[in-house]
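Novice: Generate coordinates for the sequence data below:
(one chain, ligands or ions: 3)
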Amino acid sequence: MHPDTLPPEQFSSYPGAIHTHWQEAAHAKGFNITGRIRDRYHLALRCRSCGHVHASRIFNLMSAEPQCPACMLQRLERDAESAGLVHLQRDPEHRHYSFYRAACGHEVRRQHEMVKRILAGKVALRCETCHAATEASEARKRGWMLLGPDPEGDPSYRLYAHAAGCGALQRIARANMQTGRFECSCCGQGWAAAHSYLYAMRFTLANGRELVKLGYSRDPESRLLHQLRIDRAMPCEILRTVEMASGHQAIRTEKALHARLRAAHPEAVVDPASYRGQIRVRSEIYDATLTPLILSMLHGIGTQPAAA
Ligand SMILES: [Zn+2]
Ligand SMILES: [Zn+2]
Ligand SMILES: [Zn+2]
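Specialist: Numbering: from 1, shown residues only. Ligands and ions are numbered 1, 2, ... in the order given. Model prediction:
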């Protein structure tokens, strides 16, 4: 319980006179003074409408409008009910905020003034938990998984993973996710027929370990700068790209190269846990000792006559 709303017998009394002008001020503001308490700065005030006793600074009584915490709580509960909420408790950290139970059953924290606006019909309550679920299900319907806010900080964008497709991560405007006006930049329509690149990239993790990634993309540089790299300060570079006639050819070739690398050098496949939070990808990263081999594989592909 808040120390200002203890039952009256639990306030320690303080000796001293109660001045008449204090009583007059208290009376005018809806209270009676029942005693001096705690120290020379405090009085106990009894609310003339509900009888609740609370502690008030004398300075506060004389210079401001003291509020009865019990009447205040009743008002908050009434406001909440009219707004379709249940008042749970005041936020002990912020006197203008409380916790409420929303109609959906979730707990929300709102400013008291906001609840007044809701009950006046000026705004609607939007439960953050329900809203996150709505966005997640919008994405699921299109085969994507909502991962979180836009890593580049644009409030109208989110970060999604192409869960039902190639698994690539992509920043997509939420409005486009709702309407479907976007395509996976990794495997979308238009991708299959367009030119694509195999690439090798080098990354240096925070602990100094060097890694090499082999992959394909329509735009390796954008993939590196906007998708793979999380910390802008992480040293990374594109070591080589090889243009492929189509996305399909790129993905086929890339998969074959990974199969050869995994079979010949299983020990060089790096555990994703070691780069989680630094490189935005789930697999297909190798220890840098494979770099010369990967570069020579790419070189071999680049010099092959183009397949039909
Ligand atoms: Zn009261
Ligand atoms: Zn909810
Ligand atoms: Zn995709």
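
Novice: Around ligand 1, pick out the residues from this protein.
Specialist: Residues of the chain lying close to ligand 1 by C-beta under 5 Å from the ion are 47, 50, 52, 68, 70, 71. Bear in mind the C-beta positions are built from the backbone N, C-alpha and C, glycine included.

Novice: Can you say which of these are buried?
Specialist: 47, 52, 68, 70 (16 or more other C-beta atoms under 10 Å).

Novice: Give me the three-state assignment for the last one.
Specialist: Okay, so that is residue 70. Under DSSP: H, G, I helix; E, B strand; the rest coil, residue 70 falls in the helix class.

Novice: give the contact list for it.
Specialist: 5, 47, 50, 52, 54 (C-beta atoms under 8 Å, 6 or more residues apart in numbering).

Novice: can we see that at 10 Å?
Specialist: Residue 70 sits next to 5, 47, 49, 50, 51, 52, 53, 54 when contact means C-beta atoms under 10 Å, 6 or more residues apart in numbering.

Novice: And the helix or strand where residue 78 lies, what's buried?
Specialist: Using DSSP states H and E, residue 78 sits within helix 69-82. Going by neighbour count (16+ other C-beta under 10 Å), the buried part of helix 69-82 is 69, 70, 72, 73, 76, 79, 80.

Novice: Please apply the same query to stretch 148-159.
Specialist: 151, 157, 158, 159.

Novice: Format the buried ones among the residues of the chain next to ligand 1 as TSV; extra columns: pLDDT and distance to residue 281.
Specialist: As requested, these are exported to TSV (pLDDT from 0 to 100; distance: C-beta to C-beta, whole Å):
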residue	pLDDT	distance to residue 281
47	96	63
52	93	61
68	94	59
70	94	58
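
Novice: Surely residue 95 touches residue 76?
Specialist: No - the criterion here is C-beta atoms under 10 Å, and residue 95 misses it with residue 76 at 11.2 Å.

Novice: between these two, what contacts are shared?
Specialist: By C-beta under 10 Å, 6+ apart, the residues touching both residue 95 and residue 76 are residue 112.

Novice: Would you mind naming what in the stretch 1-150 of the chain lies close to ligand 2?
Specialist: 104, 106, 127, 129, 130.

Novice: what helix or strand is residue 222 on?
Specialist: helix 220-222.

Novice: Centre of the chain to that helix, how far?
Specialist: 27 Å (C-alpha atoms, centre = their mean, to the nearest Å).

Novice: OK, contacts around the closest residue to residue 11 other than its chain neighbours?
Specialist: Leaving aside its sequence neighbours, residue 11 sits nearest to residue 37 (C-beta to C-beta, 6 or more residues apart in numbering; 4.1 Å). Applying C-beta under 10 Å, 6+ apart, we find residue 37 in contact with 6, 8, 10-14, 43-45, 53, 55-56.

Novice: Tell me where the stretch 101-250 of the chain is predicted with low confidence.
Specialist: 189-193 (pLDDT under 70).

Novice: at 80 what do you get?
Specialist: 188-195, 226, 247-248 (pLDDT under 80).

Novice: Please name every helix or strand in contact with the helix holding residue 222.
Specialist: Helices and strands touching helix 220-222, by 3 or more C-beta pairs under 10 Å, 6 or more residues apart in numbering; DSSP states H and E, are strand 196-204, strand 236-244.

Novice: Measure how buried the residue nearest to residue 197 when sequence neighbours are not counted is and give me the count.
Specialist: Spatial nearest neighbour of residue 197, chain neighbours left out: residue 241 (4.5 Å); criterion: C-beta to C-beta, 6+ apart. Using other C-beta atoms under 10 Å, the number of residues around residue 241 comes to 18.

Novice: Looking at strand pairing, list the partners for residue 241.
Specialist: residue 199 (DSSP bridges).

Novice: ok, it - contacts?
Specialist: Here residue 241 is in contact with 196, 197, 198, 199, 200, 201, 216, 217, 220, 221, 298, 302 (C-beta under 10 Å, 6+ apart).

Novice: Who wins on neighbours among the residues you listed?
Specialist: residue 196 (27 neighbours).

Novice: circling back: with only the CA atoms kept, save the helix holding residue 78 in PDB.
Specialist: Output in PDB follows, covering the C-alpha atoms of helix 69-82 (Å, rounded to 0.1, in the frame of the first residue of the first chain):
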ATOM      1  CA  PRO A  69      -6.500   8.900  -3.200                       C
ATOM      2  CA  ALA A  70      -9.600   6.800  -2.500                       C
ATOM      3  CA  CYS A  71     -11.900   9.200  -4.500                       C
ATOM      4  CA  MET A  72      -9.300   9.300  -7.200                       C
ATOM      5  CA  LEU A  73      -9.300   5.500  -7.400                       C
ATOM      6  CA  GLN A  74     -13.100   5.400  -7.600                       C
ATOM      7  CA  ARG A  75     -12.900   7.900 -10.500                       C
ATOM      8  CA  LEU A  76     -10.300   5.800 -12.300                       C
ATOM      9  CA  GLU A  77     -12.500   2.700 -11.800                       C
ATOM     10  CA  ARG A  78     -15.600   4.500 -13.100                       C
ATOM     11  CA  ASP A  79     -13.700   5.900 -16.100                       C
ATOM     12  CA  ALA A  80     -12.300   2.500 -16.900                       C
ATOM     13  CA  GLU A  81     -15.700   0.900 -16.800                       C
ATOM     14  CA  SER A  82     -17.200   3.500 -19.100                       C
END
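
Novice: All good on my end, thank you.
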